[in-house]
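Engineer: 3D, please:
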Amino acid sequence: MAAAVEIRFYALLRRRLERRRLAVDGDGLSVLDLLSLAEEQAGRPFLDELLDRGRGLLSGTMILVNGENIRLKQGLATRVHSGDVVDLFSPAGGG
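Structural biologist: Numbers count the residues shown, from 1 in each chain. Below you'll find the model as predicted:
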C-alpha cells in the first residue's frame, strides 16, 4: 500500500476546493501523477488553475515539494515520497 503525501492548497485553490489540505497515497509518483490523483480525490477540478492544455506549468504557478520549487528540480516529473508535503499556489494566488 502506498503512503500518504500531504498536498496543501493556498489562496484561490483553497477557496475553489473549500479545503486546506488533502492526503493522497502517492509514494514514488511524479508530481503530475500525484496532482491527477489529488484532483480525482478532491472531487472538483483544479488542474486548470495550475497547468496549460499541454500539461505544462502555467507561468506564475508555484509548486513546492518540501519547500523546494519543482522548477528548480525536475519540474512535473519530480518524484514525491511518503511524508512529503506539496504546496500548490496558482498564478494569481498567494498565501
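
Engineer: before we move on, what SS does the nearest residue to Leu64 once chain neighbours are set aside have?
Structural biologist: Ranked by CB to CB, 6 or more residues apart in numbering and with sequence neighbours excluded, the top spatial neighbour of Leu64 is Asp87, at 4.2 Å. For the C-beta atoms, the positions are set from N, CA and C on the backbone; glycine is no exception. Here Asp87 is strand, with the state taken from DSSP: H, G, I helix; E, B strand; the rest coil.

Engineer: and Asp87, how many neighbours?
Structural biologist: 18 (other CB atoms under 10 Å).

Engineer: go on, Glu68?
Structural biologist: 11.

Engineer: again with the one 5 residues further on
Structural biologist: The number of residues packed around Lys73, counting by other CB under 10 Å, is 14.

Engineer: try Val5
Structural biologist: Using other CB under 10 Å: Val5 sits among 25 other residues.

Engineer: once you drop chain neighbours, what's closest to Ser59?
Structural biologist: Here the residue nearest Ser59, using CB to CB, 6+ apart, is Pro91, at 6.5 Å.
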